Structure formats: C-alpha cells, structure tokens
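Q: what follows is a predicted protein model with its sequence.
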Amino acid sequence: MTDTMTHYSNMLTTLPTKLYSAAFPSPDESPSSQDLMILVSTIAVMWAAIFSVLHRYLHPYAMRQQWLTDAMGREYDRVGLSMCQALRVKW
C-alpha cells in the first residue's frame with residue numbers, strides 16, 4: 001500500500017516537469033510516446049473542465065436571450081434550428 005502511494009506521489013510531483021519537457025523538447029532529444037500521451041490527456045482534461053464550467057455558468061444566461069433564439073431559428077449557411085431540434089436542444 002505504501003509503495004503504491006509513494007509511486008503515485010512521485011508521479012504527481014514529476015508531472016509538471018514531464019509535461020513541460022514533452023511540450024517543449026530540447027533539440028537533442030525527442031519526447032517518448034508515453035510523454036506525448038500524458039501531455040495530450042492533460043490538455044484534454046483541462047479543456048473538458050473549462051468547457052463544463054463555462055457551460056454551467058453561460059447556459060442559463062444564453063437561454064434568456066431572445067436574440068440568440070431568433071438567430072438560431074434563421075436559416076443561413078448553417079442549419080440552425082433544425083440542427084438544434086435534431087440534437088433535442090430545447091429553444
């Protein structure tokens with residue numbers, strides 16, 4: 001149990017260094033596939049967290065805007081309202 005906790009604590013303490021070295025490698029070395037996978041996973045989790053927080057705070061505000069509802073109902077080059085109906089977004 002202690003070895004596992006030590007392993008994970010070491011992994012967490014070295015994570016920023018690994019991310020930096022994978023994102024900005026020195027000219028004489030290239031990052032491993034494991035380092036790149038950690039970098040991509042970290043960026044994905046970060047953006048997922050940002051978008052979920054933004055959705056939580058901006059969604060109620062956007063639903064009260066009549067101009068946004070009208071704009072979604074117009075048919076320009078995009079499919080607007082029909083796309084929202086297909087995705088079951090309640091406008």
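A: Received the coordinates, thanks. What you see is a predicted model, and the numbers here were worked out from it, not measured in a lab.
Q: distance from the helix ranked longest in the chain to the middle of the chain?
A: If you go by DSSP state H, the chain has its longest helix at helix 33-63. Between the centre of helix 33-63 and the centre of its chain there are 2 Å (C-alpha atoms, centre = their mean, to the nearest Å).
Q: buried stuff in that helix?
A: 35, 38, 39, 42 (16 or more other C-beta atoms under 10 Å). Just so you know, the C-beta spots here come from the backbone N, C-alpha and C atoms, and that holds for glycine as well.
Q: between these, which sits nearest residue 24?
A: residue 39 (10.4 Å; C-beta to C-beta).
Q: check the closest one and give its pLDDT.
A: Listed pLDDT for residue 39 reads 89.
Q: leaving out chain neighbours, which residue sits closest to it?
A: Leaving out its chain neighbours, the residue that sits closest to residue 39 by C-beta to C-beta, 6 or more residues apart in numbering is residue 22, at 4.3 Å.
Q: who are the packing partners of the longest helix of the chain?
A: helix 2-23 (3 or more C-beta pairs under 8 Å, 6 or more residues apart in numbering; DSSP states H and E).
Q: and the angle for the helix it packs on with helix 33-63?
A: Orientation check (axes from the mean of the first three to the mean of the last three C-alpha atoms, to 10 degrees): helix 2-23 against helix 33-63 gives 80 degrees.
Q: alpha carbons only: can I get helix 2-23 in CSV?
A: The C-alpha trace of helix 2-23 is given here as CSV (Å, rounded to 0.1, in the frame of the first residue of the first chain):
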residue,chain,number,x,y,z
THR,A,2,2.8,2.4,0.9
ASP,A,3,4.7,1.6,-2.3
THR,A,4,1.7,2.4,-4.4
MET,A,5,1.1,5.7,-2.7
THR,A,6,4.8,6.6,-3.0
HIS,A,7,4.7,5.7,-6.7
TYR,A,8,1.7,7.9,-7.3
SER,A,9,3.0,10.8,-5.3
ASN,A,10,6.3,10.6,-7.2
MET,A,11,4.4,10.5,-10.4
LEU,A,12,2.3,13.6,-9.4
THR,A,13,5.4,15.6,-8.4
THR,A,14,7.2,14.9,-11.6
LEU,A,15,4.1,15.5,-13.8
PRO,A,16,4.8,19.3,-14.4
THR,A,17,8.3,18.6,-15.5
LYS,A,18,7.2,15.8,-17.8
LEU,A,19,4.5,18.0,-19.4
TYR,A,20,7.0,20.8,-19.9
SER,A,21,9.7,18.6,-21.4
ALA,A,22,7.1,16.9,-23.7
ALA,A,23,5.6,20.3,-24.9
